[in-house]
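Trainee: attaching a predicted model along with its sequence, questions to come.
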Amino acid sequence: MEEDELKNYLKASEVAKKVKPFAMELVKPGAPLLEIAEKVEAKIIEEGARPAFPVNISINENAAHYTPSAADAATLGEKDLVKIDIGIHSSGFVVDFAFSVDCSGENTSLVEASEKALEAALSKMRAGVNVREVGKEIENAIKGRGFVPIRNLCGHLMEEFNLHAGQEIPNHAEGNYILKEGEVYAVEPFATLGEGKVVEGEYCEIFSLIEENKKVRLPHSRKLLEIIDSEFNKLPFAKRWIKDIPPSSLDLALADLLKQGIIRAYPVLREAKRVNVSQAETTVIIEKDGVNVLV
Ligand code: MN
Ligand code: MN
């Protein structure tokens, strides 16, 4: 890894280590979701980094991709199982991490299953190891506790301004790729008692750029593309982050860019049987003899 790249990862890591306990403090019954997301995102900026994607607050059967909209009035419930997923970047180099909070105290073993699976995965990872072996560790740790891993959610290789750079860390024994020194991965086991699969829901507040330098005709689409280019690059953004375009025009611009294949949408992902899901996630740099855990 180049010196400048490492410097940025270490900066994002330093910020992540402050933001994680800050976010944990905010997650309690009665807390408004929008307030949690906005406070965490502001804290990231205050500490000298940038959000790599909107703070995800996915509750119960929702596994990922829920971030509150600007009009979201929901608060956390007494019995909610909450996944907080946070991305922090420094000049495009991302630390991606998540934790689960069990408000009811009734899902202790489910939360433990994803946490122990993450520990097991990290203890196995180093240069030269096949991702299949890592996936097997995750699968065994989760199944050994009586749950199932979510098979269609994976850890992922990250590169500059690229959250999902191709290579995956599966959550079960699958795949065939040898980890290389200097690669950076988010590792994220999900556990459930459901089908072990997520499906797309209706709700969608998160988007990202796919195609750069596209010419568009509608003025609001052009304006939106300029904002995306200058502020987010190819990293995901929330609709509520775009404050310079009036809401009805923003909806039209998003629909226009989606239709042209210039941006993509991230609808909420929920467990297929609508059963509770837990998640644990961290980001690591692959080294010869192990991993450098960034948060
Ligand atoms: Mn994440
Ligand atoms: Mn991730």
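Mentor: Arrived safely. Ligands and ions are numbered 1, 2, ... in the order given.

Trainee: and the stretch 1-150 of the chain, which residues reach ligand 2?
Mentor: Taking CB under 5 Å from the ion as the criterion, the neighbours of ligand 2 within the stretch 1-150 of the chain are D96. To be clear about C-beta, it is placed using only N, CA and C from the backbone, and glycine gets the same treatment.

Trainee: tell me which residues touch the residue in the stretch 51-200 of the chain that ligand 2 sits nearest to, please.
Mentor: Ranked by CB to the ion, the top residue of the stretch 51-200 of the chain for proximity to ligand 2 is A186, at 3.8 Å. The contact partners of A186, taken as CB atoms under 8 Å, 6 or more residues apart in numbering, are V94, D96, F97, G155, H156, M158, L163, I169, E281, T282, T283.

Trainee: can we see that at 6 Å?
Mentor: A186 is in contact with D96, G155, H156, T283, counting by CB atoms under 6 Å, 6 or more residues apart in numbering.

Trainee: got it, and V275?
Mentor: Applying CB under 6 Å, 6+ apart, the residues contacting V275 are E61, T192, L193, G194.

Trainee: dihedrals phi and psi, the third one?
Mentor: With angles defined as degrees, to the nearest 10, L193 shows backbone torsions of phi -100, psi 10.

Trainee: now it. Nearest residue, chain neighbours left out?
Mentor: When the adjacent residues along the chain are set aside, L193 lies closest to V275, with 5.3 Å between them (CB to CB, 6 or more residues apart in numbering).

Trainee: what about stretch 186-204 and ligand 1, touching?
Mentor: No - remark: stretch 186-204 sits outside contact range of ligand 1, by CB under 5 Å from the ion, the gap being at least 5.9 Å.

Trainee: got the buried residues for that stretch?
Mentor: Going by neighbour count (16 or more other CB atoms under 10 Å), the buried part of stretch 186-204 is 186-194, 196-198, 204.

Trainee: one more: stretch 134-144?
Mentor: Using 16+ other CB under 10 Å as the test for burial, stretch 134-144 gives V134, G135, K136, E137, I138, E139, A141, I142, K143.
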